[in-house]
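Q: fold the following and give me the result.
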Amino acid sequence: MVFAIHHYVRKKPQNYELTKGTAKMASNSTPNFQELKQEQVKEFLHDTIVVPEELHANVLVTTVDKVYNWSRASSMWPLLFGLACCAIEMIATASSRFDLARFGMEIMRPSPRQSDLMIVSGTVTKKMVPAIVRIYNQMAEPRYVLAMGACATGGGPFKEGYNVVSGIDKYIPVDVYVPGCPPTPEALIYGLLKVHQKVERQSISKVEWYRKGTSGFVPVPILGPDIFDPRQVALIKQTTIKAAPKPAAAPAKAAPAPAAPKPTVAPVVVVEAPVAEAVAEAPAVEETPAPAATGGHAAPVPLTGKAKERAEQAKARLAAKRGG
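A: Presented below is the predicted three-dimensional model:
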């Protein structure tokens, strides 16, 4: 397929003058418009292709990259989702006052399969990162990402917060950053035009999505006690191993102490003690017999006279109570 069929190069006519900032034709200008057009246009025909004369005014010469990029930039469909206050400005940009339909972007698709551009509009929390990365992986190539606002760009006022990531570019590639808190619709339109300029500079022969062995898949982060990016496993291991305290060296074994000499035992000499003199007899003391052991307890003490009398009275009262 050959696109370079007929090429025109415009040149400034010799009878064209500028006076006081206003373009006007000289007095000796050609009155015939067709003759004037022939003076402004110089034809360069292809060496081997013959273009019929009636088609000379209807042939457009361009490149495949130009047509390919023009069609993509003129019909870029954003993904319909918002995260925080920046989404309100994105909605205002798509409304009638600013009118994204001028750029062919009025169709915001709810499906990532049909979207070309992801506008991350708002604060990105750690709980939302896995969902954003999963949606990004579901978008078909070619795909682009625009970080809208200070929060999506670098964390914004919540930077280094316990539940906010410091920019979505830590997890997915970002093409254009739009600063502001929140950015105005004019700023967002300027960022969208920058995306279009990037698209128009690409070449169909060099883009990654048409090459073998290149994949834009991003591992989905894992949300636990904190957000964890599987791509940083090696870095995390290296950092933690360096920061881990080194185990203390075991103390060297001391040399065994010399054995203490065994004490020598002197021989014991037994000497008989002299017979002690007889001790005077002490007065005899009556010993009361020890109570007999009954199951490990002492024997009951016999009752006195008063105790016996009270026991008899209690028995009489109990018998009278039962009999009555």
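Q: where does the stretch 101-250 of the chain have low pLDDT?
A: 247-250 (pLDDT under 70).
Q: and the strands in it?
A: Here the stretch 101-250 of the chain has its strands, by DSSP state E, counting those that start in this stretch, at 117-121, 144-148, 176-178, 222-223, 227-228.
Q: which among these is found nearest to Gly191?
A: strand 176-178 (3.9 Å; Cβ to Cβ). (Glycine included, C-beta is placed from N, CA and C.)
Q: which residues of the protein fall in helices?
A: 33-40, 64-73, 86-94, 129-138, 149-154, 185-200, 233-243, 305-323 (DSSP state H).
Q: pick the most buried one from the ones you listed.
A: Highest mean neighbour count among the helices of the chain (mean count of other Cβ atoms under 10 Å): helix 149-154, with a mean of 25.
Q: name the helices or strands packed onto that one?
A: For helix 149-154, the packing partners by 3 or more Cβ pairs under 8 Å, 6 or more residues apart in numbering; DSSP states H and E come out as helix 86-94, strand 117-121, strand 176-178.
Q: returning to that earlier point: now the helices of the chain in a markdown table, please, with extra columns for distance to Pro112.
A: As requested, those are exported to a markdown table (distance: least, Cβ to Cβ, whole Å):
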| stretch | distance to Pro112 |
| --- | --- |
| helix 33-40 | 49 |
| helix 64-73 | 17 |
| helix 86-94 | 17 |
| helix 129-138 | 4 |
| helix 149-154 | 17 |
| helix 185-200 | 17 |
| helix 233-243 | 27 |
| helix 305-323 | 97 |
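Q: nearest to Phe103, out of these?
A: helix 185-200 (6.5 Å).
Q: tilt between that closest one and helix 86-94?
A: 80 degrees (axes from the mean of the first three to the mean of the last three Cα atoms, to 10 degrees).
Q: please work out which residues outside helix 185-200 touch it.
A: 69-70, 72-73, 76, 89-90, 92-93, 97-98, 100, 103, 105, 117, 119, 142, 144, 146, 148, 175-180, 183 (Cβ atoms under 8 Å, 6 or more residues apart in numbering).
Q: of those residues, grab the buried ones for PyMOL.
A: The buried residues among the contacts of helix 185-200 can be selected in PyMOL (16 or more other Cβ atoms under 10 Å) with this line:
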select buried, resi 69+72+73+76+89+90+93+98+100+103+105+117+119+142+144+146+148+175+176+177+178+180+183
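Q: can you say which of the helices and strands packed on helix 149-154 is nearest to Ser215?
A: strand 117-121 (17.7 Å).
Q: quick one, that closest one and strand 144-148 angle?
A: 20 degrees.
Q: run through the neighbouring helices and strands of strand 117-121.
A: Checking 3+ Cβ pairs under 8 Å, 6+ apart, strand 117-121 ends up next to helix 86-94, helix 129-138, strand 144-148, helix 149-154, helix 185-200.
Q: and if we set it to 6 Å?
A: helix 86-94, strand 144-148 (3 or more Cβ pairs under 6 Å, 6 or more residues apart in numbering; DSSP states H and E).
Q: let me know which of the ones you listed is the nearest to Ile222.
A: Comparing these against Ile222 with Cβ to Cβ, the closest turns out to be strand 144-148 (21.2 Å).
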